[in-house]
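S.K.: Okay, predicted coordinates and the sequence, questions at the end:
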Amino acid sequence: MTNIADKEQAKKFWDRLDDCRTGMLVIDGRGVPMSHYVDENRKEIWFITAKGTYMTDHADGQDAHYIICNDKKGLYASLRGRITPEINPKKLEEYWSFIAASWYEDGKNDPDVQLLKLSLKEGEVWTAKNGAVFMFEVAKANLTDSKPDIGEHFEISF
């Protein structure tokens, strides 16, 4: 895949991704809804999950796919990379929240806590304009027999 995303598009992608909280993580064709945490500097997406799940049992350095569909933030993305289980107390501390804590009896020290790291390789991104602008573009297109300008579409390499 050729990196056709310019710096402005890449910034828009990272800003919107950081504002999104969930997506579908797909490993070996099986998708599971997951909350993600973004490390833009390292081009990684992190997940907190439990040991013994399908995702942790299959996150062995193989290719994985993460799909984002967020109308509120106007971000739709299909991201690919390599998924690995990680032991990283610093990242766990950084990403831990009261939401994550609700799943584990012993909090961060629970023996079932597992981090997964998706090292991004490439993706395809669509960004949409907000609701009012979108509706204006659709109305204008219907009145002028033109196509609506509803956002951008680009490929990105990491």
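M.R.: Perfect, I can see it now. Numbers count the residues shown, from 1 in each chain.
S.K.: Name the SS class of Gly61, please.
M.R.: Of the three states, Gly61 takes coil under DSSP: H, G, I helix; E, B strand; the rest coil.
S.K.: ok, it to Leu118 distance?
M.R.: According to C-beta to C-beta, to the nearest Å, Gly61 and Leu118 sit 11 Å apart. (Glycine included, C-beta is placed from N, CA and C.)
S.K.: The two: which has the busier surroundings?
M.R.: Neighbours were counted for Gly61 and for Leu118 using other C-beta atoms under 10 Å; Leu118 has more, 25 against 10.
S.K.: Against which helices or strands is the strand or helix carrying that one packed?
M.R.: Here Leu118 sits within strand 113-128, counting by DSSP states H and E. Applying 3 or more C-beta pairs under 8 Å, 6 or more residues apart in numbering; DSSP states H and E, we find strand 113-128 packed against helix 7-19, strand 44-50, helix 54-58, strand 75-86, helix 89-95, strand 151-157.
S.K.: Please identify the most buried of the ones you listed.
M.R.: When the helices and strands packed on strand 113-128 are scored by mean count of other C-beta atoms under 10 Å, the highest mean neighbour count falls to strand 44-50 (a mean of 21).
S.K.: As CSV, could you dump the C-alpha coordinates of the strand holding Leu118?
M.R.: Output of strand 113-128 as CSV, limited to C-alpha atoms (Å, rounded to 0.1, in the frame of the first residue of the first chain):
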residue,chain,number,x,y,z
VAL,A,113,-5.1,-8.9,33.2
GLN,A,114,-3.4,-9.0,29.8
LEU,A,115,-2.3,-6.2,27.5
LEU,A,116,-2.4,-6.7,23.7
LYS,A,117,-0.4,-4.4,21.4
LEU,A,118,-1.3,-3.9,17.8
SER,A,119,1.7,-2.5,15.9
LEU,A,120,0.2,-0.7,13.0
LYS,A,121,1.4,-1.3,9.4
GLU,A,122,-1.2,0.2,7.1
GLY,A,123,-4.8,1.2,6.9
GLU,A,124,-7.6,2.9,4.9
VAL,A,125,-9.3,5.9,6.5
TRP,A,126,-12.5,7.8,5.8
THR,A,127,-13.2,11.0,7.6
ALA,A,128,-16.7,12.6,7.5
